[in-house]
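1. take a look and give me a structure for this.
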Amino acid sequence: MKNQIWNLELLSNEAIKQYISDPEINQKDKILLCLAIDVSEPKPVKNITQIGVQAGYPTIKKLNISSILSRQKGLVIRSPNGWELTEKGKQHIKKIIGGPIAVLSSTLRANLDSITNTETRTFAEEAVRCFESHLYRAAVVLSWVGAVSVLYTYVLKFHKQTFNSFAAKKNPKWKPANTNDDLTRMKEADFLEVCESASIIGKSVKQELQTALTFRNGCGHPNSLKLGEHRVSAHIESLILNVYSQY
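-> Model (predicted):
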């Protein structure tokens, strides 16, 4: 439990927007949510106000934040550097956010730091935003499309000749690919097979991506497939670790 609470340190403004915008969450709790951003850092009132505004709560500027927080006995303390959540306050926030979605989102956002390419990072972040908004199917599909695009670019930049050679062995009618559009002529499952055969990716990575592709196909069509936040988070995290941050 303690580790889960301290994972609140990784909460981002994006992660709390869904709670800040919830009309069922009262004024006091919205202010406490602002304290959960970088929870280990004390915050003066001006910083709390800024966090609230950035999270989509502009009316926080009209509130007497110090007065409201001073009445939250046991949930907050006021240090020389500003307001802080107590351990009881962190427990209270965890009840508000329900635990998993915010913690999982924080883990995904932490993994975004490993992506050095700006365009790639933007693509991955859009998938994480879909996840945070509970748009699970969109998050799965978007993260996969981005990962395939990254692989296409990598193959053409560094392994074009080798890839085309192995692709021709698999399919004698294959016409050499020179652009990403050319690569789309090949089924994605076959693309992964050729990449492994050409030693562009390893067997374990190929198997992981095959699983991701199967999951993506299940999410990309109308069906009765049920999705949960843990499964979707694992899908995105795997693509970030094995594709986005590697190529």
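
2. low-confidence ranges in this structure?
-> Along the chain, the model assigns pLDDT under 70 to residues 1-15, 98-108, 111.

3. what about the helices in it?
-> With DSSP state H as the criterion, the chain has helices at 2-6, 13-20, 27-35, 45-54, 65-70, 87-97, 100-112, 118-132, 136-158, 160-170, 180-183, 188-197, 203-219, 229-239.

4. let's have those helices in TSV, adding distance to residue 76 and mean neighbour count.
-> (Each C-beta comes from the backbone N, C-alpha and C, glycine too.) Written out in TSV, the entries for these read as follows (distance: least, CB to CB, whole Å; neighbours: other CB atoms under 10 Å):
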stretch	distance to residue 76	mean neighbour count
helix 2-6	15	12
helix 13-20	16	20
helix 27-35	7	21
helix 45-54	11	18
helix 65-70	5	14
helix 87-97	5	17
helix 100-112	19	20
helix 118-132	25	19
helix 136-158	34	20
helix 160-170	58	16
helix 180-183	52	16
helix 188-197	51	19
helix 203-219	41	17
helix 229-239	29	19
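
5. could you list the domains of the chain?
-> Using automatic domain parsing, the domains assigned to the chain come out as 2-96, 103-244.

6. right, and residue 42 touches residue 82 too?
-> Yes. When contacts are counted by CB atoms under 8 Å, residue 42 is listed as touching residue 82 (3.8 Å).

7. shared neighbours, these two?
-> With contacts defined as CB atoms under 8 Å, 6 or more residues apart in numbering, no residue is shared by residue 42 and residue 82.

8. sorry, back to before: can you put the helices of the chain in TSV and add distance to residue 245?
-> Formatted as TSV, the entries for these read as follows, by distance: least, CB to CB, whole Å:
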stretch	distance to residue 245
helix 2-6	24
helix 13-20	19
helix 27-35	30
helix 45-54	27
helix 65-70	39
helix 87-97	27
helix 100-112	7
helix 118-132	9
helix 136-158	10
helix 160-170	21
helix 180-183	20
helix 188-197	17
helix 203-219	13
helix 229-239	9
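
9. the residue of the chain most remote from its centre and residue 184, how far apart?
-> What lies farthest from the middle of the chain is residue 172; by CA atoms, centre = their mean that is 40.2 Å. Using CB to CB, to the nearest Å, we find residue 172 at a distance of 20 Å from residue 184.

10. now residue 45
-> The gap separating residue 45 from residue 184 is 54 Å, by CB to CB.

11. so who does the nearest residue to residue 162 once chain neighbours are set aside touch?
-> Spatial nearest neighbour of residue 162, chain neighbours left out: residue 198 (4.9 Å); criterion: CB to CB, 6 or more residues apart in numbering. Applying CB under 8 Å, 6+ apart, one finds that residue 198 lies in contact with 159, 162-163, 165-166.
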